[in-house]
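Colleague: have a look at this prediction, sequence included:
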Amino acid sequence: MNVQDAQTTLQDIRRLQDRTRDELVRHLVALPYMALMSVGLFIGYASIDIPDPWSDLALVLGFGLFVVMVFVQHLRMCVASVRPRSMGLSDRMELLFYLGWAAIPLLPFLASRWAAEILDLPMKNTVAAAVTALAYVAATPLLRGVAKSIMQRQDGRG
């Protein structure tokens, strides 16, 4: 094998690695599942404005839908046609990714709740829940980029 063939083969390997990462990210951060997760966020956060007997049920249903969708997305990645080397949550970066995925929606909710309070809007939590749900879906490309960079960093280490 000459130097030219080795370079071509190495470029093919890198191209296939990029294609593999894209496939994994596509399975992990699929827009329909992200939309369902945002619906769960909306129901969960808007449940604060619902009268008491139903607020607990809506809270459990909303955030339950969100958590189930996180697990479904992870399981979809596990059964994808292309699988990552480490599947468990033992890697710190992957664990931080999932924890951030679950915790980050609280920030736009609190900020929009504060803005609704200043503007003296009715049903402040429902307004903040709608803003949070829309922001979550709008952040899907950013989440894809974060997931891809984590995978690239793992490949660089290995």
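Modeller: Received the coordinates, thanks.
Colleague: the closest residue to Val67 other than its chain neighbours: which element?
Modeller: Nearest non-adjacent residue to Val67, counting by CB to CB, 6 or more residues apart in numbering: Ala102, 7.5 Å away. For every residue, glycine as well, the C-beta is placed using N, CA and C. Taking DSSP states H and E as the definition, one finds Ala102 inside helix 92-103.
Colleague: next structured bit after that helix?
Modeller: For helix 92-103, the following helix or strand on the C-terminal side (DSSP H and E) is helix 106-118.
Colleague: and the helix holding Ala102, how far out from the chain middle?
Modeller: 9 Å (CA atoms, centre = their mean, to the nearest Å).
Colleague: ditto for stretch 62-81
Modeller: Chain-centre distance of stretch 62-81: 10 Å, with CA atoms, centre = their mean.
Colleague: show me what counts as buried in that stretch.
Modeller: Buried positions in stretch 62-81, judged by neighbour count with 16 or more other CB atoms under 10 Å: Gly62, Phe63, Leu65, Phe66, Met69, Val70, Gln73, His74, Met77.
Colleague: then stretch 12-24?
Modeller: Quick answer for stretch 12-24 (16+ other CB under 10 Å): Thr20, Arg21, Leu24.
Colleague: helices or strands next to whichever strand or helix holds the last one in the packing?
Modeller: What that stands for is Leu24. Under DSSP H and E, the secondary-structure element containing Leu24 is helix 3-28. Applying 3 or more CB pairs under 8 Å, 6 or more residues apart in numbering; DSSP states H and E, one finds that helix 3-28 contacts helix 52-78, helix 140-157.
Colleague: just give the number of residues close to Ser149.
Modeller: 13 (other CB atoms under 10 Å).
Colleague: can you pull the contacts of the most centrally placed residue in the chain?
Modeller: By CA atoms, centre = their mean, the chain has its centre lying nearest to Trp101, at 4.9 Å. Applying CB atoms under 8 Å, 6 or more residues apart in numbering to Trp101 gives the contacts Val70, Leu143.
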